[in-house]
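In: how does the following fold in three dimensions:
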Amino acid sequence: MRPFLALLLPLALLAACGPLPQPFRGNPGAEARRLAAPPAYRIAVPRPGAALLPDVASSDFAVAVAEALEAAEVPAVAGPPAPLDWRLDITAEQDGRGVTPAYAVVDADGKVLGEARGAAVPVREWSEAGSAMLRQVATRDAPVVAGLLTRGEAARRASETVAFNGSGGPPRVRFRGVTGAPGDGNQALSARMRDFLATKGFVVQEGSDGAAFALTGEVTVTPVADRKQRVEIQWRVSRRDGHDLGLAAQINEVPAGTLNGLWGDVAYVVAEEAAVAVRDIIANAGGLGEEMARRNAAPPPPEGAPAR
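Out: Below is the predicted model of the structure:
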């Protein structure tokens with residue numbers, strides 16, 4: 001596998017350029033202690049499959065609920081959840097002449113934080129699934145869902161002791177492993193990435209509790225000319241509120257089948273380089289804290305050395 005190492009292309013890093021403005025550093029004000037852990041959840045509203053609606057209307061209802069929550073100042077998005085997103089599961093039950101929508105807020109680890117029911121809608125109106133009716137129901141029930149989220153967030157804050165920027169401990173990163181790699185790539189890359197992130201001061205965990213950031217790794221292998229394969233490894237870093245902070249990509253072409261077995265040193269080199277990119281992405285987002293940023297900073301060049 002050594003030839004692959006020699007061909008490994010430099011890491012392509014797509015991230016925000018430069019540090020973020022931090023006018024309150026050193027003088028956070030009276031609210032600083034309460035705001036150490038941000039109100040940083042985002043609720044994802046996937047298409048409900050058990051809401052007694054056709055597929056198109058189910059998608060429209062998910063969009064309508066997400067928009068109604070946004071109007072109520074709740075961060076929401078229609079679609080599948082990101083690794084740290086909460087999820088709003090929507091169902092509906094028919095009882096007599098009415099259909100009653102029900103809502104369940106589920107955290108990133110799959111724990112149900114709260115459930116509530118909306119008001120019944122006449123069966124005929126629900127079966128027609130008109131867009132105006134769906135928007136009306138979403139607007140009507142948005143305060144009910146917002147109440148569930150408020151209580152769930154309060155419970156999270158009561159149990160969560162890790163500060164967002166690492167001032168109360170090392171930054172925590174949710175990483176559930178790599179997908180898509182042939183051979184033992186998923187296991188090897190995941191293990192090496194956990195090791196290298198730990199050496200850079202991060203706490204890497206499977207669950208979401210206390211995690212301010214999430215990392216996903218995905219490998220795509222595509223056949224190309226001359227009996228080769230194009231291997232692309234993408235590392236995506238996101239924040240608890242669902243915002244994508246940056247993407248690091250490693251791309252190379254190798255002889256077909258090279259990585260169908262043990263990755264070995266390849267996984268080591270790939271993870272070593274990618275961990276630096278992940279650290280830089282989080283640092284650019286202001287997520288390291290001053291002390292950790294100093295420890296991770298590159299040492300100054302020797303006196304008289306040419307500038308890099």
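In: thought residue 133 was touching residue 140, still the case?
Out: No. With contacts counted by C-beta atoms under 8 Å, residue 140 stays clear of residue 133, the gap being 10.4 Å. Every C-beta, even on glycine, is put in place using the N, C-alpha and C of the backbone.
In: looking at these two, which is more packed in?
Out: Neighbours were counted for residue 140 and for residue 133 using other C-beta atoms under 10 Å; residue 133 has more, 17 against 14.
In: OK, contacts around the more buried one?
Out: By C-beta atoms under 8 Å, 6 or more residues apart in numbering, the residues touching residue 133 are 121, 125-126.
In: now swap in residue 134 and tell me
Out: So residue 134 contacts 57, 60-61, 64 (C-beta under 8 Å, 6+ apart).
In: where in the stretch 51-200 of the chain is pLDDT low?
Out: The stretch 51-200 of the chain contains residues with pLDDT under 70 at 152-168.
In: quick one, strands of it?
Out: 76-78, 86-95, 98-106, 112-117, 121-122, 172-179 (DSSP state E, counting those that start in this stretch).
In: in the third one, which residues are buried?
Out: So the one you mean is strand 98-106. Judged by neighbour count (16 or more other C-beta atoms under 10 Å), strand 98-106 contains these buried residues: 99-106.
In: residue 179 and residue 243, how far apart?
Out: Between residue 179 and residue 243 the distance, using C-beta to C-beta, to the nearest Å, works out to 22 Å.
In: can you give the domain ranges for this structure?
Out: Per automatic domain parsing, the domain ranges recorded for the chain read 2-17+164-296, 43-159.
In: and the furthest pair within the buried residues of strand 98-106?
Out: 99 and 106 (22.1 Å; C-beta to C-beta).
In: which parts of the stretch 201-308 of the chain are helices?
Out: 265-284, 290-296 (DSSP state H, counting those that start in this stretch).
In: give me the mean pLDDT for the first one.
Out: This points to helix 265-284. Averaging pLDDT along helix 265-284 gives 90.
In: what angle do it and strand 172-179 make?
Out: Helix 265-284 and strand 172-179 are oriented at 150 degrees to each other (axes from the mean of the first three to the mean of the last three C-alpha atoms, to 10 degrees).
In: who are the packing partners of helix 265-284?
Out: Packing contacts for helix 265-284, counted by 3 or more C-beta pairs under 8 Å, 6 or more residues apart in numbering; DSSP states H and E, involve helix 2-7, strand 12-15, helix 185-199, strand 213-224, strand 228-239, strand 244-255, helix 290-296.
In: in that helix, what counts as buried?
Out: Buried-residue list, helix 265-284, by 16+ other C-beta under 10 Å: 266-271, 273-284.
In: what's the angle from it to strand 244-255?
Out: Using the same axes, to 10 degrees: helix 265-284 against strand 244-255 is 160 degrees.
In: what's the distance between helix 265-284 and the middle of its chain?
Out: Computed by C-alpha atoms, centre = their mean, to the nearest Å, the separation of helix 265-284 from the middle of its chain amounts to 17 Å.
In: for the residue lying closest to residue 129 once chain neighbours are set aside, grab the count of nearby residues.
Out: Residue nearest to residue 129 in three dimensions, not counting chain neighbours: residue 57, with 3.6 Å by C-beta to C-beta, 6 or more residues apart in numbering. Close neighbours of residue 57, defined as other C-beta under 10 Å, add up to 22.
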